[in-house]
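Engineer: Here is a sequence together with a model predicted from it:
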Amino acid sequence: MSIQQAKPVPMILDTDTFNEIDDQFALVYALCSPEHWRVAGVTAAPFLNARSDSAGDGMRKSHDEILRILELMGCRGRIPACAGSTRFMEGKRRAVESHAAGFIAEAARRANARGEVLHICAIAALTNVASALLIDPEIRRMIRIIWLGGHRYDMGRNDEFNLRQDVAAAQTVFDSGCELWHLPCLGVVQALRIGREELDRELDGGDRASEYLRSIFHEFLDRRELKDKVLWDISTIASLTVPEAFRFRMLSAPLLHDDMRWELTSGRHRIRVAEHVDRDPVFTDLFRRLRRNAELCGGRHVQNF
């Protein structure tokens with residue numbers, strides 16, 4: 001199934017925003033693309049790593065970071081920011097109830113009543129999204145999920161952060177029958193790598209959001225002694241703003257095993273899987289939109305949408 005509708009399309013960004021720095025770029029990118037995306041809300045996803053004490057702590061820090069970005073973009077109070085799951089799923093059929101999961105289900109039904117399809121750009125563990133599908137299974141026909149996670153199916157390695165955090169949630173989504181665009185990390189989206197010099201040259205708007213993105217990018221590289229960084233999460237936004245940069249194919253949804261192995265199939269519902277991303281058009285579009293936003297709004301807020 002492929003659903004076509006007029007743009008802009010309604011979208012929820014489901015994000016573990018404090019985990020690294022890619023999510024902040026993705027959120028600003030979405031807000032700067034109002035002719036393509038109508039951001040209906042932002043939901044905070046759980047994560048657990050060195051930047052959080054627990055999955056719930058990661059979610060709360062992500063929620064705070066979402067509010068910080070919305071404030072920088074002049075959108076706080078106009079775009080809902082919803083707290084998500086405080087833990088990961090404990091099995092494929094065990095939803096974790098949260099404000100975010102309920103909000104996703106309600107937004108899907110509201111969009112459906114308008115004759116629209118709710119897009120969910122998921123750039124984190126799929127806990128909130130899978131829980132919404134379990135709480136209200138009928139929404140699977142009302143949504144399109146665009147998920148960054150896991151690696152290319154023909155790679156032996158599949159221990160990717162968004163997948164590893166909640167395997168049961170990913171299994172739930174891949175088994176749900178909903179329309180799914182899958183953006184694998186290694187082998188596909190890893191093309192979206194950028195270094196200090198290019199980012200400093202291109203991110204020259206001088207507005208608060210651009211300066212914040214620049215500062216967290218440099219801080220991340222300095223902390224890890226890196227020269228460049230893959231901005232993984234912007235791929236979900238670019239899939240609609242610059243579709244010509246992507247090559248997709250339709251496949252029978254793979255089975256995801258508990259040990260995170262993909263198993264290719266032939267008789268399941270079909271999903272759209274990215275095989276290639278051309279990095280230059282994506283970064284050209286991202287920085288053009290950031291500069292346009294700075295020029296139009298003087299760094300105070302994004303243009304009206």
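Structural biologist: Noted; the coordinates are in hand.
Engineer: Contacts for the strand or helix carrying Ala108, please.
Structural biologist: Assigned by DSSP states H and E, Ala108 belongs to helix 99-113. With contact meaning C-beta atoms under 8 Å, 6 or more residues apart in numbering, helix 99-113 is reached by 10, 12, 14, 40-41, 43-45, 80, 82-85, 95, 117-118, 120, 128-129, 131-132, 135-136, 139, 142-143. All C-beta atoms are positioned from the backbone trio N, CA, C, and that covers glycine.
Engineer: Report the contact partners of His276.
Structural biologist: With C-beta under 8 Å, 6+ apart, His276 has these contacts: 188, 191, 246-247.
Engineer: which among the residues you listed gets closest to Gly206?
Structural biologist: Nearest to Gly206 out of the contacts of His276 is Ala191 (C-beta to C-beta; 28.4 Å).
Engineer: What is the neighbour count of the closest one?
Structural biologist: Residue neighbour count, defined by other C-beta atoms under 10 Å, stands at 15 for Ala191.
Engineer: on that earlier part again, can you give me the offset of the helix holding Ala108 from its chain's centre?
Structural biologist: Centroid separation between helix 99-113 and its chain, computed with C-alpha atoms, centre = their mean, to the nearest Å, is 17 Å.
Engineer: buried set for that helix?
Structural biologist: By neighbour count with 16 or more other C-beta atoms under 10 Å, helix 99-113 contains the buried residues 99-105, 107-108, 111-112.
Engineer: I'd like the mean pLDDT over that helix, please.
Structural biologist: Mean pLDDT, computed over helix 99-113, is 98.
Engineer: With stretch 224-241 instead?
Structural biologist: 97.
Engineer: Output stretch 243-262 as CSV, nothing but the C-alphas.
Structural biologist: Coordinates of the C-alpha atoms in stretch 243-262 are reproduced here as CSV (Å, rounded to 0.1, in the frame of the first residue of the first chain):
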residue,chain,number,x,y,z
PRO,A,243,12.8,12.3,-2.4
GLU,A,244,15.0,12.3,-5.4
ALA,A,245,18.0,11.8,-3.1
PHE,A,246,16.7,8.3,-2.1
ARG,A,247,16.4,5.0,-3.9
PHE,A,248,13.8,2.7,-2.4
ARG,A,249,12.5,-0.8,-3.2
MET,A,250,9.5,-2.7,-2.1
LEU,A,251,10.1,-5.8,-0.1
SER,A,252,8.1,-8.3,1.9
ALA,A,253,8.5,-7.2,5.5
PRO,A,254,11.5,-9.1,7.1
LEU,A,255,11.1,-11.1,10.3
LEU,A,256,13.1,-9.6,13.1
HIS,A,257,14.4,-12.2,15.5
ASP,A,258,15.1,-11.7,19.2
ASP,A,259,18.8,-11.7,18.6
MET,A,260,18.3,-8.8,16.1
ARG,A,261,18.9,-10.9,13.0
TRP,A,262,16.8,-10.0,9.9
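Engineer: quick one: that stretch to chain centroid distance?
Structural biologist: Worked out by C-alpha atoms, centre = their mean, stretch 243-262 lies 16 Å from the chain centre.
Engineer: what do you get for stretch 75-82?
Structural biologist: Centroid separation between stretch 75-82 and its chain, computed with C-alpha atoms, centre = their mean, is 17 Å.
Engineer: what does it rub up against?
Structural biologist: Here stretch 75-82 makes contact (C-beta under 8 Å, 6+ apart) with 31, 39-44, 63, 66-67, 70, 98-100, 103, 301-302.
Engineer: Now do that stretch: distance from first to last residue.
Structural biologist: 14 Å (C-alpha to C-alpha, to the nearest Å).
Engineer: With stretch 89-105 instead?
Structural biologist: Terminal residues of stretch 89-105 lie 17 Å apart, using C-alpha to C-alpha.
Engineer: on that earlier part again, of the contacts of stretch 75-82, which belong to helices?
Structural biologist: Residues of the contacts of stretch 75-82 located in helices (DSSP state H): 31, 63, 66-67, 70, 99-100, 103.
Engineer: hey, where'd the strands end up in the stretch 51-200 of the chain?
Structural biologist: Assigned by DSSP state E, counting those that start in this stretch, the strands in the stretch 51-200 of the chain fall at 81-82, 118-123, 143-148, 179-183, 193-195.
Engineer: Pipe those strands into TSV and attach distance to Asp159 and mean neighbour count per row.
Structural biologist: Converted to TSV, those look like this (distance: least, C-beta to C-beta, whole Å; neighbours: other C-beta atoms under 10 Å):
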stretch	distance to Asp159	mean neighbour count
strand 81-82	29	22
strand 118-123	18	28
strand 143-148	15	24
strand 179-183	17	23
strand 193-195	20	16
